[in-house]
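1. show me the folded form of this:
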Amino acid sequence: DLQRNVERTESLERANESPRSQPEVHPDAPEILVVEDNTDMRKLFVYLLGREFNVRTALNGREGLEQARARRPDLILTAGMMPEMTGP
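-> This is a model prediction of the structure:
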């Protein structure tokens, strides 16, 4: 399933349809901060979660911590090992 979702996301991008071209989510929807250094995984999470949630992203643990301190999300989804600072 994960591989099919990645392939579908890549085919959308090749067709010049960004995963962010999804319908706008209500501003009061819960917010998820995705902290992931792998570009493909980060895009996949944004694509899947962005249908129902407001999603922000960070490229590493340090950036994720800064973003979470600046504006607290409802949920943080993070990888376990990343450059700069690890997740858990």
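2. where in the protein is pLDDT low?
-> Filtered on pLDDT under 70, the chain yields the residue ranges 1-23, 85-88.
3. show me where it has strands.
-> 31-35, 54-58, 75-78 (DSSP state E).
4. nearest residue to residue 76 in space, please, no chain neighbours.
-> Distances taken as CB to CB, 6 or more residues apart in numbering put residue 33 closest to residue 76, at 4.8 Å, once the chain neighbours are dropped. Every residue, glycine included, has its C-beta placed from N, CA and C.
5. what about the one you found, how many residues nearby?
-> Around residue 33 sit 22 other residues, with neighbours defined as other CB atoms under 10 Å.
6. just send the strands of the chain back as CSV, with distance to residue 64 too.
-> What follows is these, written out as CSV (distance: least, CB to CB, whole Å):
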stretch, distance to residue 64
strand 31-35, 3
strand 54-58, 4
strand 75-78, 6
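7. out of these, deepest packed?
-> Of all the strands of the chain, strand 31-35 has the most neighbours on average by mean count of other CB atoms under 10 Å, namely a mean of 22.
8. quick check: angle from that strand to strand 54-58?
-> 20 degrees (axes from the mean of the first three to the mean of the last three CA atoms, to 10 degrees).
9. partners of strand 31-35 in the sheet?
-> When pairing is defined by DSSP bridges, strand 31-35 lines up against strand 54-58 (parallel), strand 75-78 (parallel).
10. hmm, the residue nearest to residue 76 is touching residue 77, no?
-> Yes. Under the criterion of CB atoms under 8 Å, residue 33 makes contact with residue 77 at 7.2 Å.
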